[in-house]
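Enquirer: generate coordinates for the sequence data below:
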Amino acid sequence: MDNKTLSIVSYITVIGWLISYFSSKDNLSKSSLVIYHQKQSLGLAVVGIAYGLISRILIMFVPAIGIIFSLVSLLLFVLMIIGIVNAANEVQKPLPIIGKTFEDKFSFIK
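Expert: Just a heads-up that it's a prediction; the model follows:
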C-alpha cells in the first residue's frame with residue numbers, strides 16, 4: 001500500500017490502525033504523512049474508547065443524559081471523517097478540538 005492509503009486506513013477502526021501500523025513498519029521509506037495520521041487516529045481511538053466507557057457508566061445512573069452522549073458520539077464520527085479527508089488530501093492538519101494534543105504523543109510510532 002502507498003502512504004496515502006495507509007494514512008486513510010489508519011482512521012478506520014482500531015483494526016485499520018493496526019493494519020496501517022504493521023504495513024508501514026516494514027516500509028523503509030515510511031513517510032511523515034503516515035506517522036502523523038497514525039498518531040492522530042490513535043489519539044481519536046483512545047478518546048473514543050475512554051468516552052465510551054465513561055458514557056456507559058454515567059448512563060447507567062442517569063439515563064436521561066443519553067441524548068447528549070449520542071451527540072458527542074456523532075462529533076467523534078465527524079472527527080474521523082475530517083481525518084480521512086485530511087489523509088486523502090495528503091495534508092498534515094490536526095483534528096479539530098483534540099488533534100493538537102496528540103501531535104507529540106505516541107513516540108513509539110516512528
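Enquirer: what's the lowest-mean-pLDDT helix or strand in the chain packed up against?
Expert: Counting by mean pLDDT, DSSP states H and E, the weakest-scoring helix or strand in the chain turns out to be helix 13-25, with a mean of 86. Applying 3 or more Cβ pairs under 8 Å, 6 or more residues apart in numbering; DSSP states H and E, we find helix 13-25 packed against helix 3-9, helix 32-61. In this view, the C-beta of every residue, glycine as well, is placed from N, C-alpha and C.
Enquirer: contacts for that helix next, please.
Expert: 1, 3, 6-7, 9-11, 30, 34, 38, 41-42, 45, 109 (Cβ atoms under 8 Å, 6 or more residues apart in numbering).
Enquirer: picking up where we left off before, Val72: which of the helices and strands packed on helix 13-25 is closest?
Expert: With respect to Val72, and counting by Cβ to Cβ, the nearest of the helices and strands packed on helix 13-25 is helix 32-61 at 6.7 Å.
Enquirer: packing partners of that closest one?
Expert: Short answer (3+ Cβ pairs under 8 Å, 6+ apart): helix 32-61 packs on helix 3-9, helix 13-25, helix 66-88.
Enquirer: just the buried positions in that helix, please.
Expert: Residues of helix 32-61 classed as buried by neighbour count (16 or more other Cβ atoms under 10 Å): 33-48, 55.
Enquirer: likewise stretch 60-70?
Expert: Quick answer for stretch 60-70 (16+ other Cβ under 10 Å): Phe69.
Enquirer: I'm done for today, thanks for sticking with me.
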